[in-house]
Each structure stands twice: as structure tokens, then as C-alpha cells.
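J.: Sequence isn't available, so here's the structure alone:
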Ligand SMILES: Cc1ncc(COP(=O)(O)O)c(C=O)c1O
């Protein structure tokens, strides 16, 4: 079978094997608790669903402009300006098929063969895959738990000097760490970025509305308006509006960059689905209490998962400031012979926990965090308690 060279540049997802195994165990009737999902468990708020249905009834079933319906682009611009206090116009907005597609389009519109992209690790696993598909090379900036999984200005400057990158990809709040940059930290990073005017920045803020206990998300473009021309903000409706299946995302960037991304998109998906765009338009007009109610649920679940984890010996995790993930430090259980079980790494550990405790987690190696497991807390509190208790029992059995 003929296969394109570019396929050799991406790895099949490390998480696939474990997800497939968890699904097979569920199908056998086993009670599996899954911390794997990267999506809210809520149904999309009803007014959004109603708006999409109405759009269908009214015949909104045709192509829309590639960059999105003018009304939606205008509303995204106004909403973004309102939410984050960054002036934005509709020609600075493109709507795509999920945050994923707009990130892909942004990378495809910047990266040539051999260009270097710097990505702090741990990272969302699709970034390096997209860069590789575009012919670029990834260099990671390794952040450590001791530094709060955040990059310091010095780390950024060292990486720029060493690798001469074309692009930097930042994600705050982060999947998988749940950590996020404060205003002060962003001011420090911006000072470095100012010294390298050829560097473009993708700023993925898809979890911006899911922050906890008073942590306030702040935009890079807000602390450094002078860098705005070089910043491509990518976001979407999936996480904050519980709209993962709708496949709707957007980018905000310089109009010239938006035109370049539209050109790429025009030859793949054209526009995002017309009636889904009508739903998104309604999402932005919702009373903020609707999103707030979901955020409060995540906040309570975050507190529950942290409280349950404290009771397990030998593991730890940083409290997330945002998103709905924790990275569980399981290093003490890796590379160790445990009686009958030889657990080499986090991948072995995730398999062991699934087989023994019937709990699905994602090995941290998938995100550049070996020795960790990523747990999503987008599931109800009872399931969280049950799942963490089972992880505790499975780990205790190794002692
Ligand atoms: C960090 C990050 N960025 C972007 C996305 C893309 O989300 P979507 O394509 O559903 O908008 C995800 C989804 O998991 C994510 O975790």
C-alpha cells in the first residue's frame, strides 16, 4: 500500500491502545471509571441547540463564507474584546471546524520544511503532530513540576537563542497540566518575545473560561498589545460551552494572517457547518450564568479529586488553576519491580490500573510527561470518588 512520507512523521496516538482496551472492557459489561475524556460531560445548553434547530428550519443549509458567517465573526470579535479587554474587529476573526482545525491552519500558514517550532512540555499532543505534518521540527522547552510546569523568561530566551524558531506555541490554562500563566509571568515572557520580532506566537486559550478559585485568565495580547500583530489566538466552543461534537473553533489574528488561514481552509473544509455556526452565535449571547454554572461544577470536582488524591500514599499532583485535568505524579511506581508486576513506566502503570482497578487514565508520556498519569475531572463527583479510591487500592496492592 502506498503511504505518504508525512505519515512517518506522526506517531499513532499513545493513548489509543488504552482507550480501546477500556472500551472493550466496558463492552464486556465491566464497570470502568474513565478519567480519559478530554470533554465536558454536560449536554450543550438548550438555547444553543434550539438556535441550531431553528437555523435548519429556516433553511440555513448552504455554504457560508469560508472564514465564517459575517454575523458570527462580528459577534466573536465583540465577545473576545468584552471578555478579555483586547480590541478586536471581525476581519481579525476566522471560524473553523474546532480549535484543532484553526491551530492546524495557523501552522500550515506559517511553517515551511525545516522551520523550528518551540513548544513547552508537557504539551497538548496534537501540537507536535501538526508541526511535523507541516514539515517543521519541534524543540521542546521542558518545564518541571517544581517550577509549576511553567516556562520562565530565561528558559524561553535560551530556547530562542539555541533553536532560532519560527513559531512558539503557548497554551494557558494548559492541557495536560492545568497550570496557567499569571499577568506578571506573561509580562516577563513578553519582554523576551519583544527582542525577537520574527517569532510568531500561537496562543491557545481554549480553557480560558475554566479557571478556579479566583485565578483570573489574562490574555498575552492584553499584557503586550505591541505584540498583537504576531499573536494568533486560538480558541473554541468545545470546552466552555460543552460543544465538542459541534466542531467549532476560531482564531483571532492580524487580518493578513486570517486571509492566509482562510486560503488554507478554503481547500480543505471550506466553512464550518452552517447551522452549527448559528448555535455558536447563540452561545456568545447566552447569559454568563450558564457558563458559570458549568465552571462551578468543574471547580467542585477539582476540589473533590484533589481531596481524594491526598489520601493515596506515594502519588501527588499540583492543584490545577484551570482546564479540567490533573497530572498525577506516579514516579514512585514506575521503573520498579512490584512482586509479580514489573512496571516500567507510566504506560505500564496505566495498563495495570485499568486491568486491576478498572480505571482508565492517560499515560503522561503522551504529553511529554513520563512518570505521570493525566486524569480528566470532567465526570461526576461520585465517579471521581469511586475511581480515585480504586486507583488507591490498585497502587496499595503494589506495595
Ligand atoms: C489545548 C487544546 N487545544 C485545542 C483543543 C481543540 O479542541 P476542539 O478542536 O474541540 O475545539 C483541545 C482539545 O482537547 C485542547 O485540549
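T.: Everything's here; your move. Keep in mind that what you see is a predicted model, and the values were worked out from it rather than measured.
J.: all helices for the stretch 51-200 of the chain, in order.
T.: Along the stretch 51-200 of the chain, counting by DSSP state H, counting those that start in this stretch, helices occupy 70-84, 98-108, 126-133, 153-163, 183-194.
J.: Quick check: which of these is buried the most?
T.: Comparing those by mean neighbour count (mean count of other CB atoms under 10 Å), helix 98-108 ranks first with a mean of 24. The C-beta positions use only the backbone N, C-alpha and C, and glycine is treated the same way.
J.: Quick one: end-to-end distance for stretch 37-55.
T.: With CA to CA, to the nearest Å as the measure, the ends of stretch 37-55 fall 30 Å from one another.
J.: that older thread, I'd like the helices of the stretch 51-200 of the chain written out as JSON lines, with distance to residue 354 and mean pLDDT added.
T.: Shown next, in JSON lines, are the helices of the stretch 51-200 of the chain (distance: least, CB to CB, whole Å; pLDDT from 0 to 100):
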{"stretch": "helix 70-84", "distance to residue 354": "39", "mean pLDDT": "98"}
{"stretch": "helix 98-108", "distance to residue 354": "26", "mean pLDDT": "98"}
{"stretch": "helix 126-133", "distance to residue 354": "23", "mean pLDDT": "96"}
{"stretch": "helix 153-163", "distance to residue 354": "35", "mean pLDDT": "98"}
{"stretch": "helix 183-194", "distance to residue 354": "36", "mean pLDDT": "98"}
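J.: tell me the domain ranges of the chain?
T.: Using automatic domain parsing, the domain parsing of the chain gives 5-43+289-396, 46-286.
J.: Of all the ones you listed, which one is nearest the ligand?
T.: The ligand lies closest to domain 46-286 among those, at 2.8 Å (CB to the nearest ligand atom).
J.: How far does the closest one stretch from one end to the other?
T.: Criterion CA to CA; first-to-last residue distance in domain 46-286 is 10 Å.
J.: And that domain, how far out from the chain middle?
T.: Averaging C-alpha positions (CA atoms, centre = their mean, to the nearest Å) puts domain 46-286 10 Å from its chain's average.
J.: related to what we said a few turns ago, as JSON lines, the domains of the chain with distance to the ligand would be great.
T.: Formatted as JSON lines, the domains of the chain follow (distance: least, CB to the nearest ligand atom, whole Å):
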{"stretch": "domain 5-43+289-396", "distance to the ligand": "4"}
{"stretch": "domain 46-286", "distance to the ligand": "3"}
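J.: worst average pLDDT in the ones you listed?
T.: If the domains of the chain are sorted by mean pLDDT, domain 5-43+289-396 sits at the bottom with a mean of 93.
J.: And the strands in the stretch 101-250 of the chain, which stretches?
T.: Remark: strands assigned in the stretch 101-250 of the chain by DSSP state E, counting those that start in this stretch are 116-121, 137-142, 167-171, 200-204, 231-236, 249-252.
J.: so residue 334 touches residue 350, yeah?
T.: No. Counting by CB atoms under 8 Å, residue 334 stays clear of residue 350, with 10.6 Å between them.
J.: Not counting sequence-adjacent ones, nearest residue to residue 36?
T.: residue 360 (4.7 Å; CB to CB, 6 or more residues apart in numbering).
J.: Now for the one you found, how many residues are close by?
T.: Neighbourhood size, residue 360 [other CB atoms under 10 Å]: 25.
J.: what's the answer for the one 5 residues further on, then?
T.: By the measure other CB under 10 Å, the count of residues near residue 365 is 20.
J.: Which residue lies nearest the spatial centre of this structure?
T.: By CA atoms, centre = their mean, the mean C-alpha position of the chain lies nearest to residue 175, the distance being 4.5 Å.
J.: how much space between it and residue 299?
T.: Note on residue 175: its distance to residue 299, by CB to CB, to the nearest Å, is 17 Å.
J.: Ok, residue 251 next?
T.: Residue 251 is 28 Å from residue 299, by CB to CB.
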